[in-house]
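Q: fold the following and give me the result.
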Amino acid sequence: MKLRELAERLQCTLTGNGEAEITGVAGIETAGPGQLTFLTNPRYRRRLRETRAAAIIVAQDYEELPLPTLRSANPYLAFARALEFFYQPPPFPAGVHATAVISPKARLGKDCSVGPYCFIDDDVQIGDRARLHSFVSIYRGARIGDDFVAHSHAVVREHCQLGHRVLLQNAAIVGCDGYGFAREESGRYYKIPQSGPVVVEDDVEIQAGATIDRATVGETRIGRGAKIDNLVQVGHASSVGENSLLCAQVGLAGSTKVGNDVILAGQAGVAGHCQIGDGVRVTAQSGLHGDIPAGQTLSGSPAIENRLWLKCVALYARLPEMYDELRALRHEVAALKKDQQQQ
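A: Predicted coordinates:
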């Protein structure tokens, strides 16, 4: 594809030779002749001198560069869209594999593809153009919209509801039992029935090994456009707002309420029954133990305001030195007091 044609499709401003032939896309460090790359992180600026890419995507106001340039208001998004022109996932023709087990009481829409050893139980409804890879299990009474994609070993449990264009990566579990037990007088734990389903709205992606617990009562809800990363745990009766990101190994204890456009970075944890306001940002490995108003950025465990946390972190390495100075000052003060008493 000519670079000028690619610029038109991506709605980018072209600077330089538009006749360059683009055959693929790659990162700035690995791109070679004929490939398109991008630059958004200043950390990679020094790689510009070494890149062998044929062209690059940058921000609208970026400085002039010696190689052909596509300028975009959102370079990372433009790069993502460029990938679609050069990589297409393998096709899955409609049909049901001979080893799949589908209840005669289940209903599948048009042009669905059901792979080897899939299981679809009674009273399941799945919309048009679904793609179920091998070993996917859909339990009784589940309701799933159009353009559903489930990779191998993904599971949708009983009576859960999934909207349109939901994507489950490998071994994602929607609707597993919540962690609920009542302690008996004998000291044993009595399992509490988990009767409430999980509701997943449109355009949600749940990635590999993530688990979304069903509710004891009520429901667990994942809002439209939310993205759940690998190995995330969403506890029973929690809710995640629209377009929120839960990054790898985030954990939400039960009844946590996450607002819209929230980002919880990797391994952040939230104690149960907390409410997190819209637009909150929580940095990696932070721990939240109470309600968080909208718009805050927090770090640490227990989490505090990010700027204060940065100041604290800057002092950590100096703590031994500061302790030695404090101890020396205490000795001096004690010596002064002793001199004063003797006088």
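
Q: alpha carbons only for contacts and neighbour counts from here, please
A: Noted.

Q: G141 reaches I120, doesn't it?
A: No: between G141 and I120 there is no contact under Cα atoms under 8 Å: 9.8 Å.

Q: which of those two has more residues huddled nearby?
A: Just comparing G141 and I120: by other Cα atoms under 10 Å the higher neighbour count belongs to I120, 27 against 19.

Q: tell me where this structure has helices.
A: For the chain, the helices defined by DSSP state H cover 3-10, 75-86, 306-316, 319-342.

Q: buried residues in stretch 305-323, which are they?
A: Residues N306, W309 are the ones in stretch 305-323 that count as buried (16 or more other Cα atoms under 10 Å).

Q: ok now that stretch, how far from the chain's centre?
A: 30 Å (Cα atoms, centre = their mean, to the nearest Å).

Q: average pLDDT across it?
A: What stretch 305-323 shows for mean pLDDT is 92.

Q: can you list contacts of it?
A: Stretch 305-323 has contacts (Cα atoms under 8 Å, 6 or more residues apart in numbering) with Q296, T297, L298, S299, G300.

Q: check the burial of the second one by counting its neighbours.
A: The one in question is T297. 18.

Q: and the last one, by the same measure?
A: Other residues near G300 come to 21 when the count uses other Cα under 10 Å.

Q: what residues are up against the nearest residue to it once chain neighbours are set aside?
A: Sequence neighbours aside, S286 is the residue nearest to G300 in space, at 4.5 Å (criterion: Cα to Cα, 6 or more residues apart in numbering). For S286, the contacting residues are Q267, A268, G269, L298, S299, G300, S301, P302, A303, by Cα under 8 Å, 6+ apart.

Q: most neighbours among those residues, please name it.
A: A268 (26 neighbours).

Q: who touches that residue in this structure?
A: Q249, V250, G251, V282, T283, A284, Q285, S286, G287, L288.

Q: so for it, what's the pLDDT?
A: pLDDT for A268: 98.

Q: what of the one 3 residues further on?
A: Note for A271: predicted pLDDT of 95.

Q: ok, it - contacts?
A: Going by Cα under 8 Å, 6+ apart, A271 touches L252, A253, G254, T256, G287, L288, H289, G290.

Q: now do G178
A: Counting by Cα under 8 Å, 6+ apart, G178 has contacts Q194, D213, R214, A215, T216, G235, H236.

Q: in the chain, which residue sits furthest out from the middle?
A: Distance from the C-alpha centroid of the chain, by Cα atoms, centre = their mean, peaks at Q343 (69.9 Å).

Q: state the distance from that residue to S239.
A: Q343 sits 70 Å away from S239, going by Cα to Cα, to the nearest Å.

Q: cool, and Q161?
A: The gap separating Q161 from S239 is 14 Å, by Cα to Cα.

Q: which of these two has more residues huddled nearby?
A: S239 (24 against 21).

Q: verify the stated contact: the more buried one with G254.
A: No: in this structure, S239 is not within contact of G254 by Cα under 8 Å, at 9.4 Å.

Q: need the overlap of contacts for these two.
A: Shared contacts of S239 and G254, defined by Cα under 8 Å, 6+ apart, are absent.

Q: and the gap between the closest residue to A142 other than its chain neighbours and W309?
A: Nearest residue to A142, sequence neighbours excluded (Cα to Cα, 6+ apart): H159, at 4.3 Å. H159 is 44 Å from W309, where distance means Cα to Cα.
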